[in-house]
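[1] Fold the following and give me the result.
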Amino acid sequence: MESCCNARCGLIAGAVIGAVVAVLGGILIPVGDIIIEETVKKESVIEPGTPAYENWVSTGASVYRQIWFFDVQNPQEVVERGVSPVLVEKGPYTYTVGYLPKANITFNANHTVSFLMPLGAIFVPRMSVGSENDTITSLNLAVAGAYTLVPKLLHTILETMIRSSNSSLFQRRTVKELLWGYQDPMLKEVVGLFSPYNGTYDGYYNIHSGKDDVSKVGIIDMWKGSKSLSFWNDAYCDMINGTTASSFPPFVDRTKPLYFFSADICRSVAALYEQTMDLKGIPVYRFGLPSSTFASPAVNPANHCYCKDVKTTKNCTIAGVLDMSSCQDDDRIHPQVFQENPSEYDVRTIQGHHGAEESQGLHHLPRRLDERVGGVGRRNGGLAQEGAGGQHPDAGHHPEDDAGLRRGRLRRLPYRVLRGPEETQQDADRLSQSKSCCGTFSY
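    Predicted structure coming up:
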């Protein structure tokens, strides 16, 4: 009788305990989610004392920009006979960028933060194929671009300058000179693909701190004192949307595009969700730019206002060409090519090069985000002077007017000088902090 009572009491006790645990679980799980969500909101605000502020001021991640040059193998034949350039890819030449903390940080009464982004690059030999002293035969941008900058009435004087300075359509320069600048004998000033860069700043930026609304963390309010651009003469193309791409608001919704603005290409772009990945134990969303981003207006009519050079783009039917000369603060030429369709160009100009892989690398710019925190875990692709810079010798250049060039032999098409994806590698400590603060589960 007693043993029966004990058994019955045990069953009742077990049932009661189970019910209590179930009730507590039903209460604590959503409560725990609420606590985590509130913690994320609090820690994501950009203000002194929060993890978001520390990560925002100085990323703590190693950002690498890798450059591949296209070395011209037949410069003499191009000049004398007008044949297609034969290019061999050389690289990567790797630099650490984005390592400098933001400067002149000012918190404003309207819950925004103003700052400058210092620019600098340090060569990384261990991640490079050679040294900065390696030489490359490349297009002489000073000569090729001079005919665009100088009125046609003064071309005779320009040709005299080219001859007297012993300049030519192609030149052999070191990697360091091509990237960061050299004293051009014709222009008598420093010329370089990224010059000036070191010691300069991007901004001012004015972004939302998220203090009043965490969903606006990092969203750009103004760039250089303006809420929109003035480069493209179109309300749509002149929009400044999203963040600077260094971070995004928390609770990322993978069904919606991620917008970010790049001053390097003077426009905003939208990335779309591709897949969920595991980054050192943290679930992250992978976002990438769709092919429509740099498609021709014939394919994507929304890009019509980005087409400025009707002749080079064959009446705006060629994809990937973005003329940036109208949005830079100087008188130099800043042509860019981000995505190329080999059928639209002379594929014979590239030898020993995997065009399909490059095309993917140029337009496919993934962002991998912790879906709760909104932080960038790895950035691959970059938008600073990437793709091909420069144009074919006849782009903005009249070979029949240039001493030593054969009449009418050089065709007008974008010319590849370099390509350069950018990658961010987050260190383990930062990832651990993100994991302990904000959880590792996904929505």
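[2] can you pull out the helices in this protein?
    Taking DSSP state H as the criterion, the chain carries its helices at 2-44, 51-57, 75-81, 141-149, 155-164, 175-180, 355-363, 428-438.
[3] These: lowest mean pLDDT?
    If you rank those by mean pLDDT, helix 355-363 sits at the bottom with a mean of 37.
[4] Output the below-cut-off pLDDT ranges for the stretch 201-350 of the chain.
    Within the stretch 201-350 of the chain, the set of residues satisfying pLDDT under 70 comprises 326, 328-350.
[5] May I have the residues that are in contact with K256?
    Listed by C-beta atoms under 8 Å, 6 or more residues apart in numbering, K256 has no contact partners. The way it works is simple: take the backbone N, C-alpha and C, and place the C-beta from them, glycine included.
[6] I'd like to know how many residues surround D253.
    For D253, the number of neighbouring residues by other C-beta atoms under 10 Å comes to 12.
[7] roughly how far apart are it and V214?
    The gap separating D253 from V214 is 14 Å, by C-beta to C-beta, to the nearest Å.
[8] now N206
    18 Å.
[9] likewise V129?
    Distance from V129 to V214, counting by C-beta to C-beta: 44 Å.
[10] Tell me which of those two has more neighbours.
    More crowded of V129 and V214, by other C-beta under 10 Å: V214, with 21 against 14.
[11] I'd assumed P250 was in contact with that one.
    Yes - taking C-beta atoms under 8 Å as the definition, V214 is a contact partner of P250 at 6.4 Å.
[12] So for the two, which residues contact both of them?
    K41, S44.
[13] Next, the distance between the ends of stretch 199-219.
    Criterion C-alpha to C-alpha, to the nearest Å; first-to-last residue distance in stretch 199-219 is 26 Å.
[14] List the residues that contact the spatially closest residue to A319 that is not a sequence neighbour.
    The shortest distance from A319 to any non-neighbouring residue, by C-beta to C-beta, 6 or more residues apart in numbering, is to S296 (4.5 Å). Residues near S296 by C-beta under 8 Å, 6+ apart: N303, C307, T313, C316, T317, I318, A319.
[15] Most neighbours among those residues, please name it.
    Neighbour tally across the contacts of S296 (other C-beta under 10 Å): the maximum, 25 neighbours, falls on A319.
[16] I'd assumed S292 was in contact with that residue.
    No - applying C-beta under 8 Å as the test, A319 and S292 come out as separate, 9.4 Å apart.
[17] what do these two both touch?
    Contacts common to A319 and S292, judged by C-beta under 8 Å, 6+ apart, are V299.
[18] What residues of stretch 271-278 count as buried?
    Residues A271, L272, Y273, E274 are the ones in stretch 271-278 that count as buried (16 or more other C-beta atoms under 10 Å).
[19] Looking at these, which is nearest I122?
    Within those, proximity to I122 (C-beta to C-beta) peaks at A271, which comes in at 27.9 Å.
[20] for the nearest residue to that closest one once chain neighbours are set aside, which residues make a bridge with it?
    Distances taken as C-beta to C-beta, 6+ apart place F287 nearest to A271, at 3.9 Å, with adjacent residues excluded. In this entry, F287 is beta-bridged to Y273, R367, by DSSP bridges.
[21] For F287, grab the count of nearby residues.
    For F287, using other C-beta under 10 Å, the count is 23.
[22] C316 touches V299, doesn't it?
    No - contact between C316 and V299 fails when scored by C-beta under 8 Å: they sit 10.4 Å apart.
[23] and T174, what is it in contact with?
    Going by C-beta under 8 Å, 6+ apart, T174 touches E132, N133, D134, T135, I136.
[24] distance of the first one from V175?
    In other words, E132. E132 sits 5 Å away from V175 when distances are taken as C-beta to C-beta.
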